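Asks: With the input below, show me the fold.
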Amino acid sequence: MGHHHGHSHGHSHTANKNALLSAFLLIAAFMIVEVIGGVITNSLALLSDAGHMLSDAAALGLSFFAIKLGEKSVSQEKTYGYKRFEIIAAALNGLALIVISLIIFYEAIQRFFAPPEVQSTGMLIISVIGLLVNIVAAWILMKGDKDENLNVRSAFLHVIGDMLGSVGAIIAALLIMFFGWGIADPIASVIVAGLILVSGWRVTKDSFHILMEGSPTEIDANEVKAALGQIPLVREVHDLHIWTITSGYPVLSCHITIADEGVHDEILAQSQKILHDHFDIEHSTVQIEKETNGCPSPHGTCN
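Replies: Okay, the predicted model is just below:
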């Protein structure tokens with residue numbers, strides 16, 4: 001039985017934490033401005049954007065808290081520490097986005113039938129400031145590890161959706177200002193709600209895949225099996241499981257049956273080198289068994 005461990009998270013981990021905290025403070029501050037502005041100007045587009053910013057602030061705060069919690073050391077009870085909480089936080093973020101989008105849809109439908117008076121100048125000023133705030137927040141998050149970390153990616157998607165929401169509110173404000181099109185406000189709200197719904201669905205789907213111990217999308221189990229099967233004197237690879245503890249933390253376990261003349265430690269070292277070099281799997285448990293001994297399963301079967 002062999003175990004292999006590696007820790008390459010340090011630098012990107014700190015960058016993620018700093019990016020999330022900075023973006024959280026920026027967006028939470030502006031969200032309050034946008035809520036007040038939305039109420040004063042009577043703009044649903046601004047309030048829906050503020051709703052999105054509220055979910056952004058919650059997402060960023062929750063993601064930051066999740067990363068901090070993930071730093072807690074492992075224990076006998078929690079052998080992987082609290083790293084999985086990052087994924088639970090991402091799932092909650094996604095579900096919150098879906099709920100917010102449905103609320104905005106409902107409110108916008110009411111306004112289609114009776115468009116209220118909207119103060120377009122105030123709406124325009126606040127929307128432009130909102131766009132600038134979102135651009136800065138997106139730039140901060142891009143310095144984090146958004147391609148590898150699901151939490152940073154979910155936060156980045158929130159901010160991009162928000163940026164588009166601000167653009168929608170700017171366009172709606174201009175249409176109301178120059179053409180008196182009051183209906184532009186609920187139309188912009190529906191577009192924002194659609195964007196929120198799409199990003200919420202994506203994040204929820206990805207996080208549930210990890211929570212259900214699904215194989216990482218970037219690793220093909222058949223390719224892993226074939227690569228291990230090509231090691232000299234390996235007869236069979238079975239009972240292969242690949243899953244993810246948290247973003248960028250894939251884990252593997254498998255049984256490898258070898259010819260009787262095979263050397264246990266040599267084949268173990270080769271298999272872990274292949275897993276590390278070709279598939280970026282640093283955390284693996286490989287059980288080697290000789291062909292004549294068969295599979296050590298209590299039922300005598302191996303899949």
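Asks: Only C-alpha atoms from now on, for both contacts and neighbour counts.
Replies: OK.
Asks: In stretch 16-31, which residues are buried?
Replies: Buried residues in stretch 16-31, defined by neighbour count with 16 or more other Cα atoms under 10 Å: 16, 17, 18, 19, 20, 21, 23, 24, 27, 28, 30, 31.
Asks: what about the helices in this protein?
Replies: For the chain, the helices defined by DSSP state H cover 10-41, 44-70, 85-113, 120-142, 150-179, 184-211, 221-229, 264-279.
Asks: Output the ones you listed in CSV; the columns should cover distance to residue 241 and mean pLDDT.
Replies: Below are the helices of the chain laid out as CSV (distance: least, Cα to Cα, whole Å; pLDDT from 0 to 100):
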stretch, distance to residue 241, mean pLDDT
helix 10-41, 26, 81
helix 44-70, 23, 77
helix 85-113, 19, 85
helix 120-142, 33, 88
helix 150-179, 21, 82
helix 184-211, 13, 85
helix 221-229, 8, 91
helix 264-279, 13, 91
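Asks: can you redo these as a markdown table with distance to residue 247?
Replies: Shown next, in a markdown table, are the helices of the chain (distance: least, Cα to Cα, whole Å):
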| stretch | distance to residue 247 |
| --- | --- |
| helix 10-41 | 11 |
| helix 44-70 | 11 |
| helix 85-113 | 8 |
| helix 120-142 | 16 |
| helix 150-179 | 6 |
| helix 184-211 | 9 |
| helix 221-229 | 18 |
| helix 264-279 | 15 |
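Asks: on that earlier part again, between the buried residues of stretch 16-31, which is nearest residue 89?
Replies: residue 20 (13.4 Å; Cα to Cα).
Asks: Which residues are in contact with the closest one?
Replies: 60, 61, 63, 64, 141, 152, 155 (Cα atoms under 8 Å, 6 or more residues apart in numbering).
Asks: hmm, try it at 7 Å
Replies: 60, 64, 141 (Cα atoms under 7 Å, 6 or more residues apart in numbering).
Asks: The second one: how many residues sit nearby?
Replies: Right, the one you point to is residue 64. Residue 64 sits with 23 neighbouring residues when counted by other Cα atoms under 10 Å.
Asks: In contact with it, which residues?
Replies: 17, 20, 21.
Asks: Give me the distance between the second one and residue 154.
Replies: Yep, that's residue 20 we're talking about. 11 Å (Cα to Cα, to the nearest Å).
Asks: partner residues bridging residue 289?
Replies: residue 257 (DSSP bridges).
Asks: I am assuming it contacts residue 258, so please confirm or correct that.
Replies: Yes. Here residue 289 reaches residue 258: they are 6.2 Å apart, a contact under Cα atoms under 7 Å.
Asks: Neighbour count for the two, which is higher?
Replies: Of the pair residue 289 and residue 258, residue 258 is the one with more neighbours under other Cα under 10 Å, namely 24 against 21.
Asks: how about that one, what does it touch?
Replies: So residue 258 contacts 233, 234, 235, 289, 290, 291 (Cα under 7 Å, 6+ apart).
Asks: Over to residue 108?
Replies: Neighbours of residue 108 in contact, by Cα under 7 Å, 6+ apart: 186, 189, 190.
Asks: got those residues as JSON lines, with neighbour count and distance to residue 200 columns?
Replies: Shown next, in JSON lines, are the contacts of residue 108 (neighbours: other Cα atoms under 10 Å; distance: Cα to Cα, whole Å):
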{"residue": "186", "neighbour count": "27", "distance to residue 200": "21"}
{"residue": "189", "neighbour count": "28", "distance to residue 200": "16"}
{"residue": "190", "neighbour count": "25", "distance to residue 200": "15"}
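Asks: Which one of the residues you listed is nearest to residue 198?
Replies: Looking across these and measuring by Cα to Cα, the closest to residue 198 is residue 190, at 12.4 Å.
Asks: From residue 60, how far out is that closest one?
Replies: Taken as Cα to Cα, the span from residue 190 to residue 60 is 24 Å.
Asks: circling back: please dump the buried residues of stretch 16-31 into CSV; it should also carry distance to residue 283 for every row.
Replies: Shown next, in CSV, are the buried residues of stretch 16-31 (distance: Cα to Cα, whole Å):
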residue, distance to residue 283
16, 22
17, 23
18, 27
19, 27
20, 27
21, 29
23, 32
24, 32
27, 37
28, 37
30, 42
31, 41
